[in-house]
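# Prediction below, plus the sequence it came from.
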Amino acid sequence: MTLWIDIAALDDIPPRGARTIRTPEGCVAVFRTFDDRVFALDDRCPHKGGPLSDGIVHGHAVTCPLHAWVFDLETGLAQGADEGSVATYPARVDGGRVLIDAERLTRRRVA
Amino acid sequence: MTQRLVIIGAGMASGRMIEHLLDYAPDAWHITLFNAEPRGNYNRLMLSPVLSGEKTYEEIVTHDDAFYADRRIDCRFGESVTRIDREAKLVHSANGATPYDKLVIATGSAPFIIPVAGKDLAGVVSYRDLEDTNAMIAASRPGAKAVVIGGGLLGLEAAAGMAARGADVTVIHLMGHLMERQLDPAAGYLLQKDLERRGIRVHCKGATKAILGTDKVEAVLLEDGTVYGADLVCMAVGIRPETRLATDAHLEVNRGVVVDAQMTTSDPSIFALGECVEFDRQLFGLVAPLYDQAKVLAAVLNDGVAAFCPVQTATKLKVTGCDLFSAGDFADGPDREEIVFRDPSRGIYKRLVIEDDRLIGAVMYGDTADGNWFFQQIKDGTDISENRETLIFGPAFQGGVQSDPLAAVAALPPEAEICGCNGICKGQIVEAINGGATDLGKVRACTKASASCGTCTGLVEQVLALTLGDAFAKPAAQSICACTDLTHEEVRRLIKGQELKSMPAVMQELGWKTSCGCPTCRPALNFYLLADWPLDYQDDRQSRFVNERLHANIQKDGTFSVVPRMWGGVTNAAELRAIADAADKYDVPMVKVTGGQRIDLLGVKKEDLPSMWADLNAAGLVSGHAYSKGLRTVKTCVGSEFCRFGTQDSTGLGIKLEKRLWGSWTPHKVKLGVSGCPRNCAEATCKDVGIVCVDSGYQIGVGGAAGMDLKETERLVAVETEAEAIEITVAFVQLYRENGKYLDRPYKWLKKVGLDWVRDQVTDPEIRAALIERFDLSQRVYQKDPWAERAAPEEARRFHPVATLSQEAAE
Ligand code: SRM
Ligand SMILES: Cc1cc2nc3c(=O)[nH]c(=O)nc-3n(C[C@H](O)[C@H](O)[C@H](O)COP(=O)(O)OP(=O)(O)OC[C@H]3O[C@@H](n4cnc5c(N)ncnc54)[C@H](O)[C@@H]3O)c2cc1C
Ligand code: SF4
Ligand code: FES
C-alpha cells in the first residue's frame, strides 16, 4: 500500500537543490531537479556517510559533497567506477505539493 | 421524448459538445445554455491575435446567434448560475430556477490572483476573456507602461500582444527561465532573447511583493527591491478550475470536479467537462483533450458507449516569430538518453529524449517545422533504433551530418573581438590569414592576436582552421569537461566577446552538448559569469560546492566549521568573548587556532549555523570565507607599531587590504601576507600576494603558495607608498579574476600568461585604474557578509529539515 503524505510545497526546495526530512531513522533527502521532478533518498552516502542533500544536483544525479561519488537519483545506484547504493523512496509532485510514501519510509526500519 | 439539458458555461468545451450532441440526435434535447460572459461561444485561444491586432473579435466568434436559433437553444448569456439544487434538479440564477433532467458543468477555470497588496487596484487585469483583452487593448497606447506578472504561455501572449500595440512591456517571472513547465532552460533562454529583441523586458527570478498605487496601479514592487512603473498590470500566473458550484452542491471535488471516463460526476445526472474537471488526478489546460471530452460526453448523453482517455498534448506559443514546440516528457533520467542539436548562428535548439529506443519527449526552438513529426513518433511509440543517428534532423533528412565543433566560432561576426589585449577582431585575423599568415606564429606576428596574455590562442587557432580548412592542423587542447569541446580560456573569451550573461546563454551560444551542464563546468561558468558581469548576472547557488553554498566548511561527519574574519589576524577581548560564548552555546566540540591567524569553531550542526552567525554578527564578526574560492586571510606581523625591526605598519596595511578585498570571488583561493621587514614573520613570500616592507617602501611579490606545491613569490614591483601597494594588489587580483582559469591558483595562471605581461598591465596607469574600477564595481555587489544574509529568518529556514516525521505521523 502507498500512503502519500504531504511534506512541503515544491517551492520550499530550490530547483537543482534539496531539503531534508527528519525521521526517527535518520534524515531523508528530497531532491528537486531542474525539470521540477522530486526524488527521495536516504541522506547518507554509502561511502563515508556524507550528507547527499548538500551535494551538487545535476541532471537526475547528485554528487556527494565529501568525496564526489555520483548517485543516480532514480535508482540510488553509485555511478561510474564506484560501487554502492542509497535507499530510494517514492516521491511525487501534485498540485505544487511534494508527496512522499510514508509507508515505505516507516517500513525501512524493519528491513 | 425530449429531455431537458442545462449547460453551465458556453465555452470551448461545451460548444464542441453541443455540436456533437446535435449531430447525433437533433431533436432529443431541449438545451438551456447559461454563460457568465454576456455572449456565446468564441474561440478563446484566438484572443491573443485579437489583442495583438491581427484579428477582430467578430472573426473569432465560433457560434453566432443564428447557430443557437437554428438549434432552438435557450440562451441565457450574461446570466451566472449561482446554485445547483440536486434534490429538486434545479439550477438557480438571477432570473429564478430552471429545471433539468441532465446537467453539464462546463465552467472552465478562473485566473489565479496572487494575494499581494494592491491586487484589487483599478488597472489590474487577468487574461481570460474578451473584457480582459479589451482592457489591455485600451491600455496599450504607444508609450504606456504595462507589466505582465507570469512568464507562461498566457503571460507571454499578453506581453507580445501589448508590445505589438506599442506599449512598453515588462514580464516578471518567478522562475529562472520562461515557460519552465514547457521548456528547458536552453529553449527558455532563446525565447527570452527573441522577446527582448522585440523590446519586451524580461525579469526572471522576480517575486512580486506588492502592486503600488493610490486609486489605480502605478508600479509593481519586487522582493528584490526593483520597481517597474505600470499603467496596467496583467496577472497571468496560472489558473484554477472553477469548481465553486460543484463544491457547494457537495459533488466530489478535488482540485477539479471529479469525473469518471464517461464525464460523470459523483451525481449520475450531472456531468462535467473542460478545464473545470479532474480525471484520473489530471487537470486539463489545453483544448485538445477538452475536445475529446466533448465527443465522449455527447456520446454518453445519447446512451452511446465512449470513454475518455487522455492523450499527450503538445504546446506551441502563439507569438508570431517565436517558434517553439514542446511535447511529451522532456526531463532527463537514468534510463533516458538525450540528443541535443544547437545551431548558435541561427538560434536553433532541439532536444529529443529517448527511453528504450522510443522517443518520449521533444523540445525545440527556432525551427519547429518537424515538431509534429516528432510528436507523432512520441504518440505512436515508434522504435527509433534504426534511424537514431539521424533522428534529430527530422523526416526530410537524407545522408549524414556531423555536429561541427567549430560552429560557435564560425557564427561570430567579423567584428567580434577575439584578442581582448590587443583589440583584434575576427575579421582582421581572417584578413591576415588570407594574406598569407597561415599559422599561429604568423598571425601573432602580423596582428598581435594572442601575443599578449595568450588566452585567446585556441580561438585564433579555430579561426585558422575555419579559414584554411584541412590545411591547418590544430594542436589538441583540453576542454572544460565532456559538455563542451571548448577550453576554459576559450569560454572565458567568448563570454566577454559575445556578451553572454547567463548560463543558458553560454550553453546555447557555445553549443553545450548537455542540457544543463555538470558539476565540473557549472561552478566554473558561475564564476566566469559573475566575474565578468557583476551587475547583470545573478549568482547561482545551486552551481556552487556545498561550502560556498552554505558559507561554512563541511566536515567529514557532515557538520560544519565556522571561521569568523579576524582582520589581519588582530582581535580583541570582546570578539574572543563572543567566540567563546558561541562555542559554549552551540556545544562546539573543538576550538582551534588555524594556520591563517584566526579561530575555527569545528563541528557545528547545520541547523545551528544561522543562529550562531547571528550571534557572531551581533559582536561585529563576519564570515572569514575560509571555504571560498575568494579572499581567505591576510596574515600580518606586528610591524613598526611594536617590533623593533619593523619598517612600516604591516599590520595596518594587511587590515586595509583585507577590508578592501574581502568578499570577492576569484578563480581559486587567494591568500595574502604582509611582513614588516625582510625577516618575514608573516611568511609573505609563500602567499598569492606577499608584501615585504622595507625602509624605502613595499616589495610586492606574487604567485607564492605553500600547499601541494611550494612556490616562492616572484617580485612584481617595488613601490614607495602604502596607497600604491594597495592599488597594485587590487589591480593584480582583478586581472587574475578576469583572466584566470577556474581552479588555477595565481602561480599557475602566471606560468601561462607570464609575469612580464602582468607587470605591464598593473603598472600602466590607465589599465591599472580601469582594473581597480571594475574591481570596486564588483565589490559593490559582492562585498556583503553572507552570514548576515543567511541569518535572516527566511533564509535560515533553508538550513532546517523541511519536515519532521514522527513515527505516529507516518503510521
Ligand atoms: C583550517 C585550516 C587548517 C588549520 O586548522 O589551521 C585549513 C583547513 C583546510 N584546508 Fe588548508 N587550511 C588552513 C590553512 C592552510 C594553509 C596555511 C596558510 O594559509 O597560511 C595552507 C598552505 C598555504 C597555501 O594555501 O598555499 C593550506 C593549504 C591548503 C590546500 C592546498 C592549496 C594548494 O594550492 O596547493 C588545500 C586544498 C585546496 O584548496 O584545494 C587546502 C584545503 C583545506 C580544506 C578547506 C580542505 C577542504 O576542502 O575541506 C580544509 C578545511 C578544514 C575545515 O573543515 O575547516 N588547504 N591551508 C587552515 C585555515 C586557515 C584560515 O584561517 O582560513
Ligand atoms: C488568451 C488565451 C489563449 C489560449 N491559448 C490556447 C492555445 O493556444 N492552445 C490551447 O490548447 N489552449 C489555449 N488556451 C486555453 C483554452 O482556451 C482553454 O483550455 C479552454 O477555453 C477551456 O474551455 P472550457 O470550456 O473548459 O472553459 P471556457 O472556455 O473558459 O468556458 C467556460 C465558460 O463558463 C462560464 N462560466 C463560469 N462560471 C459560470 C457560472 N457560474 N454560470 C455561468 N457561466 C459560467 C465562463 O464565463 C466561460 O465563458 C488559451 C486560453 C486563453 C485565455
Ligand atoms: S592539511 Fe588541510 S586538508 Fe589536510 S587534513 Fe589538515 S586541514 Fe585537512
Ligand atoms: S562520503 Fe560520499 S563520497 Fe565519500
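Perfect, thanks for sending it. Ligands and ions are numbered 1, 2, ... in the order given.
# Quick one: low-confidence residue ranges for the chain.
No chain specified, so I'll use chain A. Low-confidence segments of chain A, defined by pLDDT under 70: A:1, A:107-111.
# You answered for a different chain; I wanted chain B.
Applying pLDDT under 70 to chain B flags residues B:1, B:332-333, B:395-405, B:407-408, B:420-422, B:451-455, B:473-477, B:807-811.
# And the residue of it closest to ligand 2?
For chain B and ligand 2, the shortest gap (Cβ to the nearest ligand atom) falls at residue B:11, measuring 1.7 Å. C-betas here are computed from N, CA, C, even on glycine.
# Could you do chain A as well?
For chain A, Cβ to the nearest ligand atom, closest residue to ligand 2: residue A:95, 17.7 Å.
# near ligand 2, which residues of chain B show up?
Residues of chain B lying near ligand 2 by Cβ under 6 Å from any ligand atom: B:8-14, B:34-37, B:44-45, B:47-48, B:80-81, B:106-108, B:127-128, B:154, B:157, B:242, B:245, B:274-275, B:285-287, B:290, B:318.
# hmm, which of those are the buried ones?
B:8-14, B:34-37, B:44, B:47-48, B:80-81, B:106-108, B:127-128, B:154, B:157, B:242, B:245, B:274-275, B:285, B:287, B:290, B:318 (16 or more other Cβ atoms under 10 Å in any protein chain shown).
# In space, what's closest to the residue of chain A closest to ligand 2 - neighbours in sequence excluded?
The shortest distance from residue A:95 to any residue other than its chain neighbours is 5.5 Å, reached at residue B:255 (Cβ to Cβ, 6 or more residues apart in numbering or on different chains).
# can you pull the contacts of the most centrally placed residue in chain B?
Compute the mean C-alpha point of chain B, and by Cα atoms, centre = their mean the closest residue is residue B:176, 2.6 Å away. Counting by Cβ atoms under 8 Å, 6 or more residues apart in numbering or on different chains, residue B:176 touches A:15, B:185, B:188, B:204, B:205.
# need the helices for chain A, in chain order.
Assigned by DSSP state H, the helices in chain A fall at A:102-107.
# show me where it has strands.
In chain A, the strands defined using DSSP state E lie at A:4-9, A:17-23, A:26-32, A:38-42, A:56-58, A:61-63, A:70-72, A:88-89, A:91-94, A:97-101.
# Give me the contact list for the second one.
So the one you mean is strand A:17-23. Residues contacting strand A:17-23 (Cβ under 8 Å, 6+ apart): A:7-8, A:12-13, A:27-32, A:40, A:43, A:51-55, A:57, A:62, A:100, A:105, B:541-542, B:798, B:801-805, B:810.
# just to confirm, which helix or strand has residue B:362 in it?
strand B:358-365 (DSSP states H and E).
# Show me what that strand is packed up against.
helix B:185-197, strand B:324-328, strand B:348-355, helix B:371-380 (3 or more Cβ pairs under 8 Å, 6 or more residues apart in numbering or on different chains; DSSP states H and E).
# Between those, which one is closest to residue B:597.
Nearest to residue B:597, of all these, is helix B:185-197, at 42.8 Å by Cβ to Cβ.
# how near is residue B:144 to residue A:71?
Separation of residue B:144 from residue A:71 (Cβ to Cβ, to the nearest Å): 52 Å.
# go on, residue B:329?
Distance from residue B:329 to residue A:71, by Cβ to Cβ: 22 Å.
# Compare these two and say which one has the larger neighbour count.
In terms of neighbours (other Cβ atoms under 10 Å in any protein chain shown), residue A:71 is the more surrounded of residue B:329 and residue A:71; the figures are 28 against 16.
# What's opposite that one in the beta bridge?
Beta-bridge pairing for residue A:71 (DSSP bridges): residue A:62, residue A:78.
# one step back: check which residues of the strand holding residue B:362 are buried.
In strand B:358-365, counting by 16+ other Cβ under 10 Å, buried: B:359, B:360, B:361, B:362, B:363, B:364, B:365.
# Quick check, the fifth one in contact with residue B:325.
The reference is to residue B:363. Yes. The criterion here is Cβ atoms under 8 Å, and residue B:363 meets it with residue B:325 at 7.4 Å.
# Can you give me the distance of the residue sitting furthest away from the middle of chain A to residue A:42?
Distance from the centre of chain A peaks at residue A:81, with 21.3 Å (Cα atoms, centre = their mean). Going from residue A:81 to residue A:42 by Cβ to Cβ gives 22 Å.
# which element is the residue nearest to residue B:435 when sequence neighbours are not counted on?
Distance criterion Cβ to Cβ, 6+ apart; nearest residue to residue B:435, sequence neighbours excluded, is residue B:446 at 7.6 Å. Taking DSSP H and E as the criterion, the element that holds residue B:446 is helix B:440-447.
# contacting residues around residue 93?
In the absence of a named chain, chain A is used. With contact taken as Cβ under 8 Å, 6+ apart, residue A:93 is in contact with A:10, A:36, A:37, A:38, A:99.
# looking at chain B here, not the other one
With contact taken as Cβ under 8 Å, 6+ apart, residue B:93 is in contact with B:34, B:76, B:79, B:80, B:81, B:82.
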